[in-house]
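Visitor: structure of the sequence below:
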Amino acid sequence: MRLIQCLVALCLLFGAHARAQDIHKDAHTGFPSQPIRIIVGNAAGGGNDILARLVGQKLSDRLGQPVIVENKPGASGIVAAQYVAKAAPDGTTLLVAPIGMLVVNPAVMPDLPYDPQRDFAPISIMASFPLVLAVNAATPVHTVAELLAFTKAEPAKANAGGSGVVFQVVQKMFELKTGSQFQYVGYRSTTDALTALLRGDLLMSLSDIGPIAGSLKDGRVRALAVTSGNRLPAWPQVPTMTEAGVTDMEISFWSGLVAPAGTPPAVVKTLQDNVMAVMQMPDVRSALEAINVVPVGSTADEFAARVARELPMWSDVARSAHIRVEQ
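Guide: Reported below is the predicted structural model:
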């Protein structure tokens with residue numbers, strides 16, 4: 001139901017802005033002179049897909065060309081990443097590049113068939129979102145301290161789950177910070193992991209808030225902590241990880257837009273400036289904040305710096321936790 005509400009809200013948002021807009025092309029190159037495709041490495045309906053369609057529609061309005069979103073899910077985003085890495089570097093084929101694709105995959109996959117820094121030209125980080133540590137509300141656990149005590153008393157029930165290797169690495173980071181041990185269960189989607197949590201198959205889950213917001217509101221899931229630096233306005237009763245006693249675990253996932261390496265700087269600049277403008281639009285910010293996503297709109301240089309900074313951090317976690325994924 002929550003996803004349907006988000007999609008309806010975004011459809012209304014698109015409809016309200018389907019009128020003619022000022023065109024913001026590059027004055028020297030005339031870019032873009034043809035439709036742009038945004039490739040998403042996840043199935044339709046997920047968070048990155050929703051973000052791509054929202055930003056894509058706004059870019060189309062601003063650039064005066066159709067922006068088409070194509071879903072190419074598979075292999076933790078590798079299918080989509082390879083496809084865009086080999087595309088013509090002319091700015092007409094872009095990739096939604098989340099944290100898992102650019103910094104976590106390289107940390108855990110020694111034979112990754114793409115290089116996040118060599119094969120792509122960063123454009124802008126579109127948005128970021130913190131994670132929430134949640135348990136089934138039927139469990140006798142109300143705080144992180146109680147969760148850790150429960151796992152020591154009932155180790156056979158100490159399991160956790162999520163979708164994709166990025167959530168597995170975050171879970172291992174939590175275990176390293178708290179000296180705890182959980183059996184990790186991987187699922188194909190966050191929705192599947194949430195279903196398992198609601199069934200009682202999982203003790204806990206570290207997840208982005210959007211997919212489980214409805215279950216938090218109706219009381220079926222209990223939030224124990226968020227990974228943001230401050231409490232979230234929408235959930236002021238939920239402490240941060242630091243407040244809950246888990247230090248050095250301030251994490252925000254993010255999702256950006258990249259082009260194939262070799263894309264002309266002027267084209268990257270045009271795309272960067274337009275994405276930054278889109279992320280400042282009041283209606284875009286309202287639509288994203290309604291699903292607990294923080295609009296960003298960084299420069300290309302800021303995006304590149306973040307990737308360079310986080311690559312070694314996630315590699316250290318993966319190495320300490322002995323996480324290695326073979327292709």
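Visitor: where in the stretch 201-327 of the chain is pLDDT low?
Guide: 326-327 (pLDDT under 70).
Visitor: mind checking the longest strand of this structure?
Guide: If you go by DSSP state E, the chain has its longest strand at strand 120-136.
Visitor: low-confidence stretches in the stretch 1-150 of the chain?
Guide: Across the stretch 1-150 of the chain (using pLDDT under 70), the flagged ranges come out as 1-22, 25-29.
Visitor: make it 80
Guide: Along the stretch 1-150 of the chain, the model assigns pLDDT under 80 to residues 1-29, 45-47.
Visitor: thinking again about what came up before, and the next helix or strand after the longest strand of the chain, what's buried?
Guide: Downstream of strand 120-136, the first helix or strand assigned by DSSP states H and E is helix 144-153. Neighbour counts over helix 144-153 (16 or more other CB atoms under 10 Å) mark Val144, Leu147, Leu148, Phe150, Thr151 as buried. C-beta coordinates here come from the backbone N, C-alpha and C atoms, glycine included.
Visitor: the residues you listed into CSV, with extra columns for distance to Ala259?
Guide: Putting those into CSV (distance: CB to CB, whole Å) gives the following:
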residue, distance to Ala259
Val144, 41
Leu147, 42
Leu148, 44
Phe150, 47
Thr151, 44
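Visitor: that older thread, export the longest strand of the chain as CSV, just CAs?
Guide: What follows is strand 120-136, C-alpha atoms only, in CSV (Å, rounded to 0.1, in the frame of the first residue of the first chain):
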residue,chain,number,x,y,z
PHE,A,120,32.0,6.0,-15.2
ALA,A,121,31.8,9.8,-15.2
PRO,A,122,30.0,11.0,-12.0
ILE,A,123,27.2,13.5,-12.6
SER,A,124,25.5,14.1,-9.3
ILE,A,125,24.3,12.3,-6.1
MET,A,126,20.6,12.7,-6.4
ALA,A,127,19.4,11.6,-3.0
SER,A,128,20.4,9.8,0.2
PHE,A,129,18.6,7.9,3.0
PRO,A,130,19.5,6.6,6.4
LEU,A,131,18.7,3.0,7.5
VAL,A,132,16.5,1.8,10.4
LEU,A,133,17.2,-1.1,12.6
ALA,A,134,13.8,-2.8,13.0
VAL,A,135,12.3,-5.9,14.7
ASN,A,136,8.9,-7.5,14.6
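Visitor: for this protein, which helix extends over the most residues?
Guide: In the chain, assigned by DSSP state H, the helix with the most residues is helix 300-320.
Visitor: next one: that one to chain centre, how far?
Guide: Distance of helix 300-320 from its chain centroid, counting by CA atoms, centre = their mean, to the nearest Å, is 15 Å.
Visitor: repeat for stretch 191-202
Guide: Mean-position distance between stretch 191-202 and its chain equals 20 Å (CA atoms, centre = their mean).
Visitor: buried residues in that stretch, which are they?
Guide: For stretch 191-202, using 16+ other CB under 10 Å, the buried residues are Thr191, Ala193, Leu194, Ala196, Leu197, Leu198, Leu202.
Visitor: for the stretch 151-300 of the chain, which segments count as helices?
Guide: Under the criterion DSSP state H, counting those that start in this stretch, the stretch 151-300 of the chain contains helices at 165-178, 190-199, 209-217, 265-279, 282-289, 300-320.
Visitor: between helix 165-178 and the second one, find me the angle.
Guide: Think helix 190-199. 50 degrees (axes from the mean of the first three to the mean of the last three CA atoms, to 10 degrees).
Visitor: average pLDDT across helix 190-199?
Guide: What helix 190-199 shows for mean pLDDT is 90.
Visitor: what is that helix packed up against?
Guide: With contacts taken as 3 or more CB pairs under 8 Å, 6 or more residues apart in numbering; DSSP states H and E, helix 190-199 sits against strand 120-136, strand 159-163, strand 183-187, strand 204-208, helix 209-217, strand 221-226.
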